[in-house]
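> Quick one: sequence and predicted model below, then my questions.
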Amino acid sequence: MAKYGKWIGGGLGWAVGGPIGGLLGFAVGSMFDKKDGAQAGGQRQRVFTGTTHGDFTMSLIVLVAAVMKADGRIMQSELDYVRDYFNKSFGPAASRDAMLYLRDLLKQQIPLRDVSLQIRQRLDKPSRLQLLHFLYGVSQADGKIHPEEVRIIEEIAGHMGISAADMDSIRNMFFEDVDSAYKILEIEKSVSEEDIKKAYRRMANKYHPDKVSYLGEDIKKAAGEKFRKVKNAYDKIKKERGMR
């Protein structure tokens, strides 16, 4: 009967946690099939926390798997990027568990629309923007962003209810030129200096780490990268225009 553990876990996950719960429940079942049931149950408890932080973490693991699978190959650089993020954010023990789940999710078909819609319902906009920022980081971990990975990320963003302007802003945080700086601030190159200053204040407020502080210090710290990129974009535009 043990070989049916993954199907039992998947069924319970769909019932309790929607499509994301189903995917992770399947992974738990796979662990149950391979390991002692008590040990697998302990790992499940560490991920299915029932908290907003837990919702964010589960969503992140599932979406990372979808993006990593997009170009048909799993790069070691991508795995290293994800492992490093989890280590810094959640600590070595939780990181090991997360990577085990990721390993099993990479073998599954992920219902991207259903998963993304569930995330839209459960997480607020700042959290969803933080997820999107991390996904672009995973995509770029091998030194370039593959077109199919971009397509998958854009599909995820659309289903999560992220606007084209916000998506363009975050995507351009991973490019280094003046035009990208304007896109990060969601403005045209023709705008006035006063409009540039207003845009910077608006975007700094949107991406401020305090917006996701309720997810915990680990996520808040990671969110600081978006905030810094907004500041860097503003500084580039000021330098180009000779602004004070």
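Looks like it came in fine.
> Now do the contacts for Val115.
19-20, 23, 59, 62-63, 66 (CB atoms under 8 Å, 6 or more residues apart in numbering). Just so you know, the C-beta spots here come from the backbone N, C-alpha and C atoms, and that holds for glycine as well.
> Might you report the residue contacts of the closest residue in space to Asp218 that isn't next to it in sequence?
Once flanking residues are discounted, Asp218 sits nearest to Ser89: 3.9 Å by CB to CB, 6 or more residues apart in numbering. Counting by CB under 8 Å, 6+ apart, Ser89 touches 95, 218-219, 221-222.
> change it to 10 Å
57, 60, 95, 98, 134, 215-219, 221-222 (CB atoms under 10 Å, 6 or more residues apart in numbering).
> Val191 versus that one, what's the distance?
To Val191, Ser89 is 36 Å away according to CB to CB, to the nearest Å.
> Check Pro147 too.
30 Å.
> for Val138, same thing?
Taking CB to CB, one finds Val138 at 32 Å from Val191.
> Could you list the buried residues of stretch 77-96?
By neighbour count on 16 or more other CB atoms under 10 Å, the buried set for stretch 77-96 is 78-79, 81-83, 85-87, 89-90, 94-95.
> Give me the distance between it and the centre of its chain.
A distance of 13 Å separates the centroid of the chain from that of stretch 77-96, by CA atoms, centre = their mean, to the nearest Å.
> Need the mean per-residue confidence for that stretch.
Computed over stretch 77-96, the mean pLDDT rounds to 81.
> could you dump that stretch to CSV, C-alpha only?
Extracted as CSV, the C-alpha positions of stretch 77-96 are listed here (Å, rounded to 0.1, in the frame of the first residue of the first chain):
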residue,chain,number,x,y,z
SER,A,77,23.3,27.4,-11.8
GLU,A,78,19.5,27.7,-11.3
LEU,A,79,19.5,25.0,-8.6
ASP,A,80,22.4,26.8,-6.8
TYR,A,81,20.6,30.2,-7.0
VAL,A,82,17.5,28.7,-5.5
ARG,A,83,19.4,26.8,-2.8
ASP,A,84,21.4,29.9,-1.9
TYR,A,85,18.2,31.9,-1.6
PHE,A,86,16.5,29.3,0.6
ASN,A,87,19.6,29.0,2.8
LYS,A,88,19.7,32.7,3.4
SER,A,89,16.0,33.1,3.9
PHE,A,90,14.9,30.0,5.8
GLY,A,91,18.1,28.4,7.2
PRO,A,92,19.9,25.1,6.2
ALA,A,93,17.3,22.7,7.6
ALA,A,94,14.2,24.3,5.9
SER,A,95,16.3,24.8,2.8
ARG,A,96,17.0,21.1,2.5
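> quick revisit: any idea which of the contacts of Val115 has the most stuff around it?
Leu23 (29 neighbours; other CB atoms under 10 Å).
> where's the residue lying closest to that residue once chain neighbours are set aside relative to Asn172, distance?
Leaving aside its chain neighbours, Leu23 sits nearest to Val62 (5.6 Å; criterion: CB to CB, 6+ apart). According to CB to CB, Val62 stands 25 Å off from Asn172.
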